[in-house]
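Trainee: Compute the structure for the input listed below.
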Amino acid sequence: MSDAVLTETDGAVLVITINRPEAKNAVNASVAQGIGAALDEFDGRKDLSVAVITGAGGTFCSGMDLKAFLKGEFPFVEGRGFAGIVERPPAKPIIAAIEGYALAGGCEVALSCDMVVASREAKFGLPEPKRGLVAAAGGLMRLPQRIPYHIAMEIALTGDFYGAERMAELGFVNRLVEPGGALAGAKELALKIAENAPLALAGTKQIIVESPKWPAGEIWQRQNEISGPIFASKDAQEGPAAFAEKRKPQWKGE
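Mentor: Predicted structure coming up:
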């Protein structure tokens, strides 16, 4: 793993930290490769159920490293896209823990996540038009799915910054915390989620993400294709058994 991206585990939770505070955690090729590698590991390990992505030094991510871009460096990972996440987020739940700025590509990384925990002082925005660019890392497609259309259009066209409290009012942010508390708040949420069965978590996310695109006549069939193997899993036997025996379940991810 590159020094530009750090990882650590806390039980079934993987914490991914963008570690370029001197550049406000701008995404260069090393960051993209580091995040992509961390997500590959996350998806491949049965003992990890939830991920948290954050930034070092009081800033989440200021977007693409424009200086590196001007030198011909492209912060993309094949199969995962910009920052190693936007085109193919992990199959399991992931939470963004946001302090400071989540701007441009940084906001698009947050949009690639399933939940957002943010400091009350955090700022969000898609300022690409101010630089002659377009928010092409998923921002223009995902933002109208997260908040009302007219507000999404305003954010995308003005390029202005919007505070975390306003974004929470719009449903973009799950939980607001005091400054400096985003990572702790996100880990608290992640650990709560990670108490549940890992196969059930991944399957639940898959159905929520994919079902809006399913043809109306196929929704039950497609849901059953995902949920059926989960109901037949060892964890589906362990859950009811633990409930009946009044003990904590021991999940195997099988």
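Trainee: which of the residues in stretch 181-199 are buried?
Mentor: 181-183, 185-187, 189-191, 193-194, 196-199 (16 or more other CB atoms under 10 Å). C-beta here means a position set from N, CA and C on the backbone, and glycine is covered the same way.
Trainee: In helices, which of those appear?
Mentor: 182, 183, 185, 186, 187, 189, 190, 191, 193, 198, 199 (DSSP state H).
Trainee: Now pLDDT and distance to residue 237 too, for those, in CSV please.
Mentor: As requested, those are arranged in CSV below (pLDDT from 0 to 100; distance: CB to CB, whole Å):
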residue, pLDDT, distance to residue 237
182, 98, 37
183, 98, 35
185, 98, 34
186, 98, 31
187, 98, 30
189, 98, 28
190, 98, 25
191, 97, 24
193, 98, 21
198, 95, 15
199, 96, 12
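Trainee: Can you add distance to residue 205 and give those residues back as CSV?
Mentor: Rendered in CSV, the data for those read as follows (distance: CB to CB, whole Å):
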residue, distance to residue 205
182, 22
183, 21
185, 20
186, 16
187, 19
189, 14
190, 13
191, 17
193, 10
198, 11
199, 11
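Trainee: And the residues you listed, which is closest to residue 218?
Mentor: Checking these against residue 218 with CB to CB, the nearest one is residue 199 at 22.4 Å.
Trainee: got a list of what that closest one touches?
Mentor: Going by CB atoms under 8 Å, 6 or more residues apart in numbering, residue 199 touches 229, 230, 233, 235, 253, 254.
Trainee: try residue 219
Mentor: Residue 219 touches residue 211, counting by CB under 8 Å, 6+ apart.
Trainee: Use 45 as the first number from now on
Mentor: Renumbered: residue one is now 45, and that last one reads residue 263.
Trainee: Next, find the distance separating residue 190 from residue 168.
Mentor: 11 Å (CB to CB, to the nearest Å).
Trainee: what do you get for residue 228?
Mentor: From residue 228 to residue 168 the distance is 20 Å (CB to CB).
Trainee: neighbouring contacts of stretch 189-202?
Mentor: So stretch 189-202 is contacted by 155, 168-170, 173, 179, 183-184, 187-188, 206, 211, 214-216 (CB under 8 Å, 6+ apart).
Trainee: In helices, which of those fall?
Mentor: Per DSSP H, these map to helices at 155, 183, 184, 187, 188, 211.
Trainee: Surely residue 59 forms part of a strand?
Mentor: Yes: looking at residue 59 with DSSP: H, G, I helix; E, B strand; the rest coil, it is inside a strand.
Trainee: Beta-bridge partners for it, please?
Mentor: Using DSSP bridges, the bridge partners assigned to residue 59 are residue 52, residue 96.
Trainee: I'd assumed residue 49 was in contact with it.
Mentor: No: if you go by CB atoms under 8 Å, residue 59 and residue 49 don't touch, sitting 10.9 Å apart.
Trainee: And the two? Which one has more around it.
Mentor: Neighbour count, other CB atoms under 10 Å: between residue 59 and residue 49, residue 49 has more, with 24 against 21.
Trainee: where does the closest residue to that one other than its chain neighbours land in three-state SS?
Mentor: In this structure, residue 49 finds its nearest non-sequential neighbour in residue 78, 2.7 Å apart by CB to CB, 6 or more residues apart in numbering. At residue 78 the chain is in helix, as set by three-state DSSP.
Trainee: Against residue 61, how distant is residue 78?
Mentor: 10 Å.
Trainee: what touches both of the two?
Mentor: Shared contacts of residue 78 and residue 61, counting by CB under 8 Å, 6+ apart, come down to residue 49.
Trainee: more crowded one of those two?
Mentor: Neighbours were counted for residue 78 and for residue 61 using other CB under 10 Å; residue 78 has more, 27 against 22.
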